[in-house]
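A.B. asks: need coordinates for the below:
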Amino acid sequence: MRKSFISGNIAIAEGAITAGMRFFAGYPITPASDIMEYLAERLPEIGGVVTQFEDEIASINAVVGASWAGVKSMTATSGPGFSLMLEALGLAVITETPLVVVDVMRAGPSTGVPTKTSQSDVMQVRYGAHGDYVIPVFAPWSAQEAYDLTIKAFNVAESLRTPVILLSDAVIAHLWESVLLAEPGEVEVINRKKPSSPPDEYLPYKPDNDLVPPMATFGEGYNVIVESLIHDERGFYRQDREAYRNLVKRIVNKVLSRVDSLFEVEAYYGDDYKYLLVSFGSTARSALAAARILRKSGIKASLLRLKTLSPLKLETLRKYCDEAEKIFVVENNMGKLVHDVERAAENDKVISLPLLDLEIPEPKDIVEGVRKWL
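C.D. replies: Purely as a prediction, here's the structure:
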């Protein structure tokens, strides 16, 4: 490992390189642009390609195509650009295309305040595309975690043949911290499963026991069909109920069946608390400071920080919620994660603390919000 003092966006770029990403397509958008700018210099040095396209729609479609050409691929954007990517994101889901999309959140709706932060894209990254699916979503709270979770995002994308979202924000993007970067071989890097059957026996969407089909890519001699319609194991369009059920249930369950390894939380003061703060991303940094302030004043507060926003393991959330008299969901939006916490806990215990702030919310605002209810 080597230590480097870098920003959250550079940490994402370096994490992608460590994971084996060699193709990046994007379009400039604040506060994600410097991911592409950094990679434009760094990636060609190791044989990779960075291309700026005319918009976000072209960018994510290029990433889908590059992945089917056998290259680990990524794009990065912010809320307005992510909105434009949703149709192609659905294409990546149904064609089971491994790729990573970085969404560096900023204030909205629409163009909002491009240079300021937010946590308002939670629903969009999880449910924005139509149809039934589950996309893994990881949310870092530091530059180090931006690096680590980017590697995890690629490993999950490759092992499950699915798009994965890294949900950052403007605060994480531009803070500078010491980050431990891995040398080759120091972290696990997972590559997609290749077919073991001969080309004349290969079915592009026939899964193994793990529900994930081996993935042949263009140019390897296999019959590869990339079909956006409901399809059978051959990849041929089918409109019957059996084919529909088999495909949709499998692409959902291949993710949900891995919830134990996908879902990550971090608990602070979790062995002795009466009140639980639940938060994620940059806002969790302030929530941890608020928990410390409350404990110093005699109020036994704890923080549960979610690193994974999808899929959620409700049993884990419930375990922490059951121990608390009151649960305060702290997020920099009008209240989104709170609905999931309400599913895991008794509704009368859950209190939403929506902190609409263009900067990172201040700990005192969280403390005041908790004291108001107590």
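
A.B. asks: check contacts around the nearest residue to Asp208 once chain neighbours are set aside.
C.D. replies: Leaving out its chain neighbours, the residue that sits closest to Asp208 by C-beta to C-beta, 6 or more residues apart in numbering is Pro214, at 6.9 Å. Where C-beta positions appear, they are placed from N, C-alpha and C, glycine not excepted. By C-beta atoms under 8 Å, 6 or more residues apart in numbering, the residues touching Pro214 are 193-197, 202, 208.

A.B. asks: just the buried ones out of those residues, please.
C.D. replies: 193, 195, 202 (16 or more other C-beta atoms under 10 Å).

A.B. asks: pop out the phi and psi values for the last one.
C.D. replies: Reported as degrees, to the nearest 10, the phi and psi values for Tyr202 are phi -80, psi 130.

A.B. asks: for it, give me its contacts.
C.D. replies: 195, 214, 216, 222-223.

A.B. asks: distance check, it against Leu181.
C.D. replies: 38 Å (C-beta to C-beta, to the nearest Å).

A.B. asks: with the second one instead?
C.D. replies: Distance of Pro195 to Leu181, given as C-beta to C-beta: 34 Å.

A.B. asks: what about the residue nearest to Ser257 when sequence neighbours are not counted, how many neighbours?
C.D. replies: Leaving aside its sequence neighbours, Ser257 sits nearest to Leu211 (C-beta to C-beta, 6+ apart; 6.6 Å). For Leu211, the tally of surrounding residues (other C-beta atoms under 10 Å) stands at 18.

A.B. asks: wait, Leu211 sits on Val252?
C.D. replies: No. Leu211 is beyond contact range of Val252, at 9.6 Å (criterion: C-beta atoms under 8 Å).

A.B. asks: ok, longest helix in the chain?
C.D. replies: Scanning the chain for the helix with the most residues, using DSSP state H, yields helix 143-160.

A.B. asks: sorry, back to before: what would the buried ones among the contacts of Pro214 look like in TSV with pLDDT?
C.D. replies: What follows is the buried ones among the contacts of Pro214, written out as TSV (pLDDT from 0 to 100):
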residue	pLDDT
Lys193	97
Pro195	96
Tyr202	95
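
A.B. asks: which of these sits closest to Tyr275?
C.D. replies: Lys193 (45.3 Å; C-beta to C-beta).

A.B. asks: which residues touch that closest one?
C.D. replies: Counting by C-beta under 8 Å, 6+ apart, the residues that Lys193 touches are 159, 208, 212, 214-215.

A.B. asks: one more time with 10 Å, if that's ok
C.D. replies: Applying C-beta atoms under 10 Å, 6 or more residues apart in numbering, we find Lys193 in contact with 158-161, 208, 210, 212-215.

A.B. asks: show me which pair in these is furthest apart.
C.D. replies: The distance between the two most remote of the contacts of Lys193 (C-beta to C-beta) is 14.6 Å, for Glu158 and Asp208.

A.B. asks: now the strands for this structure?
C.D. replies: Applying DSSP state E to the chain gives strands spanning 2-7, 23-26, 49-52, 73-77, 99-105, 137-138, 163-169, 176-181, 265-268, 275-280, 301-306, 308-310, 326-331, 350-354.

A.B. asks: what's the closest of the ones you listed to His231?
C.D. replies: Taking these one by one with C-beta to C-beta, strand 163-169 is closest: 17.7 Å.

A.B. asks: for that closest one, the distance to its chain's centre please.
C.D. replies: 3 Å (C-alpha atoms, centre = their mean, to the nearest Å).

A.B. asks: cool, stretch 339-351 as well?
C.D. replies: Distance, centroid of stretch 339-351 to centroid of chain: 23 Å (C-alpha atoms, centre = their mean).

A.B. asks: dump the residue contacts of Leu374.
C.D. replies: By C-beta under 10 Å, 6+ apart, Leu374 lies in contact with 274-275, 294, 299, 301, 325-326, 328, 351.

A.B. asks: would a markdown table of those residues with neighbour count, pLDDT and distance to Arg42 be doable?
C.D. replies: Shown next, in a markdown table, are those (neighbours: other C-beta atoms under 10 Å; pLDDT from 0 to 100; distance: C-beta to C-beta, whole Å):
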| residue | neighbour count | pLDDT | distance to Arg42 |
| --- | --- | --- | --- |
| Lys274 | 14 | 97 | 48 |
| Tyr275 | 21 | 98 | 45 |
| Leu294 | 24 | 98 | 43 |
| Ile299 | 16 | 97 | 47 |
| Ala301 | 28 | 98 | 42 |
| Glu325 | 11 | 96 | 50 |
| Lys326 | 17 | 97 | 47 |
| Phe328 | 27 | 98 | 41 |
| Ile351 | 18 | 97 | 44 |
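
A.B. asks: nearest to Ala25 among these?
C.D. replies: Nearest member of those to Ala25, counting by C-beta to C-beta, is Phe328, at 40.2 Å.

A.B. asks: against Leu353, how distant is the closest one?
C.D. replies: Distance, Phe328 to Leu353, using C-beta to C-beta: 5 Å.
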